[in-house]
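J.: With the input below, show me the fold.
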Amino acid sequence: MAHAFHLPVQLGELLDNHALSLQDLARACRRAPDWVSAHVAAGVIEASPADGHTGEWHFTSTTLVRARRIAQLESSFDADPYLAALTTDLMEEVAELRRRVAQLQGGALKKES
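T.: Sure thing, here's the model as predicted:
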């Protein structure tokens, strides 16, 4: 049975490519904007400058998936941000490896046909 945290890494790619503001990301994670800022400062959530003049950030849909996963891990397991980020990294890597294995198995099946 798949665990609730086993969302495909590609889920972020399925969402539109609309850039999210800090407030949008905070709302989507059900957290305060300060939570997002602290996680960006800690290096566990990646932000890009919205433009060169305002100093505001924007976030991708992939970052949204990652941030929500980190928020859930922190909430469910009382994990600190670094542990939640490490766990998220490992979950994303496992999902990528599973995707590669499925591709290899699919290629092997085509060769046998």
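J.: mind checking how far residue 74 is from residue 111?
T.: Look at residue 74 and residue 111: by Cβ to Cβ, to the nearest Å, they are 45 Å apart. Just so you know, the C-beta spots here come from the backbone N, C-alpha and C atoms, and that holds for glycine as well.
J.: quick one: which of the two has more around it?
T.: residue 74 (20 against 7; other Cβ atoms under 10 Å).
J.: List the residues that contact residue 84.
T.: Going by Cβ atoms under 8 Å, 6 or more residues apart in numbering, residue 84 touches 44, 69-71, 73-74, 77.
J.: for this structure, what's the longest helix?
T.: helix 81-112 (DSSP state H).
J.: Quick one: mean pLDDT over it.
T.: Averaged across helix 81-112, the pLDDT comes to 91.
J.: centre of the chain versus it, how much separation?
T.: 15 Å (Cα atoms, centre = their mean, to the nearest Å).
J.: Likewise for stretch 56-69?
T.: 6 Å.
J.: mind listing what the residue minimising distance to the centre of the chain touches?
T.: Closest to where the C-alpha atoms of the chain average out (Cα atoms, centre = their mean) is residue 66, at 1.6 Å. Taking Cβ under 8 Å, 6+ apart, we find residue 66 in contact with 12, 45-46, 88, 92.
J.: So which of these is surrounded by the most neighbours?
T.: residue 45 (25 neighbours).
J.: ok, and the nearest residue to that residue once chain neighbours are set aside, which helix or strand is that part of?
T.: Counting by Cβ to Cβ, 6 or more residues apart in numbering, residue 45 lies nearest to residue 39, which is 4.2 Å off, once chain neighbours are set aside. Assigned by DSSP states H and E, residue 39 belongs to helix 33-42.
J.: Now find how far off-centre the helix or strand just after that helix is within its chain.
T.: Following helix 33-42 in sequence order, the next helix or strand is strand 48-49 (DSSP H and E). Using Cα atoms, centre = their mean, the distance from the centre of strand 48-49 to the centre of the chain it belongs to is 16 Å.
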